[in-house]
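# Build me a model from this:
(4 chains)
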Protein chains: 2
Amino acid sequence: MKEEKKKISIRDIAKQLNISVTTVSFILNGRAKEKRISDHLKEKVEKLVKEVNYKPNRLAQSLRTGKTRILGFMVEDISNPFFANIARYIEEQAYREGYKILYCSTENDREKTQELISMFRERHVDGYIITPPCGVEEDIKALLLDKLPVVLFDRYFPEINVPAVVVENKKGTYNAIKSLIEQGYKNIAFVTVESDQSQMMDRLQGYEQALREHEMLPNILKVKFHDATETIVQKIVEFIRTTDTVDALFFATNYLGVRGLEAIRREGLVMPDQIGVITFDDHDVFQLHNPSVTAVSQPIEEIARQLISNILNQLDESEGVEHPQTVVLPCVLMNRKSSIRSLP
Amino acid sequence: MKEEKKKISIRDIAKQLNISVTTVSFILNGRAKEKRISDHLKEKVEKLVKEVNYKPNRLAQSLRTGKTRILGFMVEDISNPFFANIARYIEEQAYREGYKILYCSTENDREKTQELISMFRERHVDGYIITPPCGVEEDIKALLLDKLPVVLFDRYFPEINVPAVVVENKKGTYNAIKSLIEQGYKNIAFVTVESDQSQMMDRLQGYEQALREHEMLPNILKVKFHDATETIVQKIVEFIRTTDTVDALFFATNYLGVRGLEAIRREGLVMPDQIGVITFDDHDVFQLHNPSVTAVSQPIEEIARQLISNILNQLDESEGVEHPQTVVLPCVLMNRKSSIRSLP
DNA sequence: CTGAAAGCGCTAACAG
DNA sequence: CTGTTAGCGCTTTCAG
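Residues are numbered from 1 along each chain as shown, chains lettered A, B, ... in the order given. Prediction:
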């Protein structure tokens, strides 16, 4: 049995070998060559470190260097499959680079987000990956002012010069609506959430533009982000009933799509004949649903990849250059039966 | 404009008020009364702290106290809706108590998990919430030995005396299988994942027991956890084809259920008439599917609640008592059309 | 009631 | 090449 006693420190291993902590520190930080430390000594140190399973105390390291190698990941709702999937990819890539991830859900709440940002600052996270709700512009600016690496995603603030990773929300929606029009749908409604966030505005604009080009009139249902599941379903049901000329629905988010399918089922409407359906953001539910549901699919893995590489870049370029680089990724329209009358 | 200059420390605010840091520290830590510090002084300090928006450096605090107020949350896969939902509830409750959460996915990989545990230790997380893969028993024991708060969930190690939050896997499955039998299904197959984890073994046992009681023969398909989505679908398709007497399927996890539905769709089988289906763990997909799919639902919110309260308890009882308290929560069989022939 | 001072464990400038 | 040492910012004992 090895005795592991109390926590062992860099001092202990220096003492053990009768050398200075500096030497040990240099070796441990891969600066042995640079400091011309003998290979022999280097090996001796590394051997002992293995033997006693010494791990530097990250807290002390962080206090000293100011770097925590922790990233803050703030999303609307971690249980939303879109964000949960991003989380998975982000994690994979971050861990590979030695970063850990602190997550939290903003619930699109300004105050909560501000508090969260403040907490992350206290914790000295090295970088911020954020889906910002409206109203936190100043807080983001403050981060920027303090030269902290930030990258927004899903939505962004056009008026702030900050890196962001988003998708072609307008174009994606525009194409989807056009596809509905081409399928012969005459009265296409847009179900969205009350929000001034950029991605929701863009989707709305894509809808409006497509209609305008075909001289059709918009027909919009807005629910509240914080409405309960059942409330949303009921609002959609009601909407379908009261505007009975509607023959197609576009849902602006995945959870609206899920609620919408429930509403359609309750109303006993048949897709794609009685009602055409497309939703933004793909999801298991939509592929498996009978009939399968057309979706505007976002490149989740690529979004995650861009987020991480962007933040790591900022972390690397030790406070050197400015690089608010915004990336706009394309969406793919996954045509399925809910919107295509000719599909088997 | 307030000047915020460089990071402000407890020293600065002490100096500013011409008092000692000790006093400030006491006040900030709510020990003013205890230390008989004048209300007047207390207010003065609090006022200044507000004014300059001073936030103690958590890193220094942690280094000093050894507490980080960070919890480590290790799950099989954060993008699995079951775990993502738990994450959401865990987060909510942890943040309320001032704890942040570091998450990671183990992918059921022993080595990866060991590394992850070791990383969390380096980071000095205050508590560990873990869904352990097989083979990490010793690592869990090591945590215990070092008096670190740990709570397992989803699966557990019967041979180790460690708190855990699990569900009635055997009973839940047993009831589901019985329900299939009562519906008249004669040849019920069990689709699971190759794994010796307790929850999978328990589910299998529930299946076997139900069959035994009715003198029916087991029929089991095991796929690999790391099989690709498409591979799993194909294996299930093949299984259905080769064992064409099968008239009901039980899927032992939510993702197997999702793959299974895809396989059934491809084979063009009709539920519940040609094939009865029940799956473990509920999911949007199962509610919305047409026909809707019967599921053994786990009490997600309650699981999260128990996890947090258990870990917080351990954190409170400052290394006092032993309390490896295991909680076993009931599941609910959500009867839906895929397994009930009489349902409309 | 309050202040001085000793670290927590590590990094890195500086001086051999 | 290596050792000494000064903090990083905070908590807390011990003396007044």
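# does the residue of the stretch 101-250 of chain A found nearest DNA strand C count as helix, strand or coil?
In the stretch 101-250 of chain A, no residue comes nearer to DNA strand C than A:His124, which is 13.3 Å away by Cβ to the nearest atom of the strand. Every residue, glycine included, has its C-beta placed from N, CA and C. Three-state call for A:His124 (DSSP: H, G, I helix; E, B strand; the rest coil): coil.
# who's A:Gly294 bridged to?
Rather than Gly, residue A:294 is Thr. In this structure, A:Thr294 bridges to A:Ile278 when assessed by DSSP bridges.
# Would you confirm that it contacts A:Asn335?
Yes: counting by Cβ atoms under 8 Å, A:Thr294 touches A:Asn335, with 5.5 Å between them.
# Pull out the buried positions in stretch A:47-57.
Residues of stretch A:47-57 classed as buried by neighbour count (16 or more other Cβ atoms under 10 Å in any protein chain shown): A:Leu48, A:Val49, A:Val52, A:Tyr54, A:Asn57.
# what about A:Gly98, neighbour count?
Per other Cβ atoms under 10 Å in any protein chain shown, the neighbour tally for A:Gly98 reads 8.
# In terms of residue numbering, what are the domains of chain A?
A:10-56, A:68-166+A:300-329, A:169-298 (automatic domain parsing).
# what residues are up against A:Ser198?
Going by Cβ atoms under 8 Å, 6 or more residues apart in numbering or on different chains, A:Ser198 touches A:Arg155, A:Tyr156, A:Phe157, A:Pro158, A:Val166, A:Asn169.
# Just the element for the third one, please.
Using DSSP states H and E, A:Phe157 falls within no helix or strand.
# burial count for it?
17.
# pretty sure A:Gln314 is touching A:Gly127, no?
Yes: between A:Gln314 and A:Gly127 there is a contact under Cβ under 8 Å: 6.7 Å.
# Find residues that contact each of these two.
A:Pro149, A:Val150, A:Val151.
# Now narrow those to whatever sits close to chain B.
Counting by Cβ under 8 Å from any Cβ of the partner chain, nothing from the shared contacts of A:Gln314 and A:Gly127 sits close to chain B.
# how about a markdown table for the domains of chain A, with distance to B:Pro330 and mean pLDDT added?
Below are the domains of chain A laid out as a markdown table (distance: least, Cβ to Cβ, whole Å; pLDDT from 0 to 100):
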| stretch | distance to B:Pro330 | mean pLDDT |
| --- | --- | --- |
| domain A:10-56 | 41 | 87 |
| domain A:68-166+A:300-329 | 22 | 93 |
| domain A:169-298 | 23 | 96 |
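# Out of the ones you listed, which is closest to B:Ile300?
domain A:68-166+A:300-329 (9.4 Å; Cβ to Cβ).
# For A:Arg121, which non-adjacent residue is closest in space?
Spatial nearest neighbour of A:Arg121, excluding adjacent residues (Cβ to Cβ, 6 or more residues apart in numbering or on different chains): B:Lys55 at 7.2 Å.
# three-state assignment of the one you found?
From three-state DSSP, the assignment for B:Lys55 is coil.
# And for stretch A:335-344, what's in contact with it?
Defining contact as Cβ under 8 Å, 6+ apart, one finds that stretch A:335-344 is touched by A:179-180, A:183-184, A:248, A:271-273, A:276-278, A:286-287, A:289, A:291-295.
# which among the residues you listed end up buried?
Of these, these count as buried by 16+ other Cβ under 10 Å: A:179-180, A:183, A:248, A:271-272, A:276-278, A:286-287, A:289, A:291-295.
# Just the ones in strands from these, please.
A:Ala248, A:Gly276, A:Val277, A:Ile278, A:Thr294, A:Ala295 (DSSP state E).
# End to end on stretch A:236-256, go ahead and measure it.
Length of stretch A:236-256, first residue to last, Cα to Cα, to the nearest Å: 9 Å.
# buried set for that stretch?
Result for stretch A:236-256 [16+ other Cβ under 10 Å]: buried residues A:236-237, A:239-240, A:246-256.
# that older thread, dump the domains of chain A to TSV, plus distance to B:Ala84.
TSV is the format used below for these (distance: least, Cβ to Cβ, whole Å):
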stretch	distance to B:Ala84
domain A:10-56	30
domain A:68-166+A:300-329	4
domain A:169-298	13
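# re earlier: closest to B:Lys33 out of the shared contacts of A:Gln314 and A:Gly127?
Closest to B:Lys33, out of all of the shared contacts of A:Gln314 and A:Gly127 and judged by Cβ to Cβ, is A:Val150, at 40.6 Å.
# Dig out what the residue nearest to the closest one when sequence neighbours are not counted forms beta bridges with.
Sequence neighbours aside, A:Tyr128 is the residue nearest to A:Val150 in space, at 4.5 Å (criterion: Cβ to Cβ, 6+ apart). A:Tyr128 forms beta bridges with A:Gly72, A:Val150, as assigned by DSSP bridges.
# Touching, A:Tyr128 and A:Ile70? I think so.
No: counting by Cβ under 8 Å, A:Tyr128 stays clear of A:Ile70, with 10.7 Å between them.
# Can you pull the phi and psi angles for the closest residue to A:Ala164 other than its chain neighbours?
Of all residues not flanking A:Ala164 in the chain, A:Tyr156 sits nearest, at 3.7 Å (Cβ to Cβ, 6+ apart). With angles defined as degrees, to the nearest 10, A:Tyr156 sits at phi -150, psi 180.
# Would you agree A:Tyr156 is in contact with A:Thr326?
Yes: using Cβ under 8 Å, A:Tyr156 is in contact with A:Thr326, at 6.8 Å.
# Now do the shared contacts for those two.
In contact with both A:Tyr156 and A:Thr326: A:Ala164, A:Val166, using Cβ under 8 Å, 6+ apart.
# neighbour-wise, which of these two wins?
Legend: neighbour count by other Cβ under 10 Å for A:Tyr156 and A:Thr326, higher for A:Tyr156 (23 against 15).
# gap between that one and A:Gln199?
Relative to A:Gln199, A:Tyr156 is positioned 8 Å away (Cβ to Cβ, to the nearest Å).
# Please identify every residue contacting each of those two.
Residues touching both A:Tyr156 and A:Gln199 (Cβ under 8 Å, 6+ apart): A:Val166.
# DNA strand C contacts on chain A?
A:7, A:9-11, A:21-22, A:25, A:28-29, A:56-57, A:60-61, A:63-65 (Cβ under 7 Å from any atom of the strand).
# Got a ChimeraX select line for the buried ones in these?
Selection command for ChimeraX covering only the buried members of these, criterion 16+ other Cβ under 10 Å:
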select /A:10,28,57,61,63
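# out of the residues of chain A next to DNA strand C, who's near DNA strand D?
Applying Cβ under 7 Å from any atom of the strand to the residues of chain A next to DNA strand C, those adjacent to DNA strand D are A:Val21, A:Thr22, A:Ala60, A:Leu63, A:Arg64.
# residues contacting the residue nearest to A:Ile19 when sequence neighbours are not counted?
Spatial nearest neighbour of A:Ile19, chain neighbours left out: A:Leu41 (7.1 Å); criterion: Cβ to Cβ, 6+ apart. Applying Cβ under 8 Å, 6+ apart, one finds that A:Leu41 lies in contact with A:Ile19, A:Thr23, A:Ile27.
# try A:Ile37
With contact set as Cβ under 8 Å, 6+ apart, A:Ile37 has these partners: A:Thr23, A:Phe26, A:Ile27.
# burial of the residue of the stretch 101-250 of chain A closest to DNA strand C, as a residue count?
18.
# What is the burial count for the closest residue to chain B within the stretch 201-344 of chain A?
When Cβ to the nearest Cβ is the measure, the stretch 201-344 of chain A has its nearest residue to chain B at A:Asn290, with 4.2 Å between them. The local packing of A:Asn290 (other Cβ under 10 Å) involves 14 other residues.
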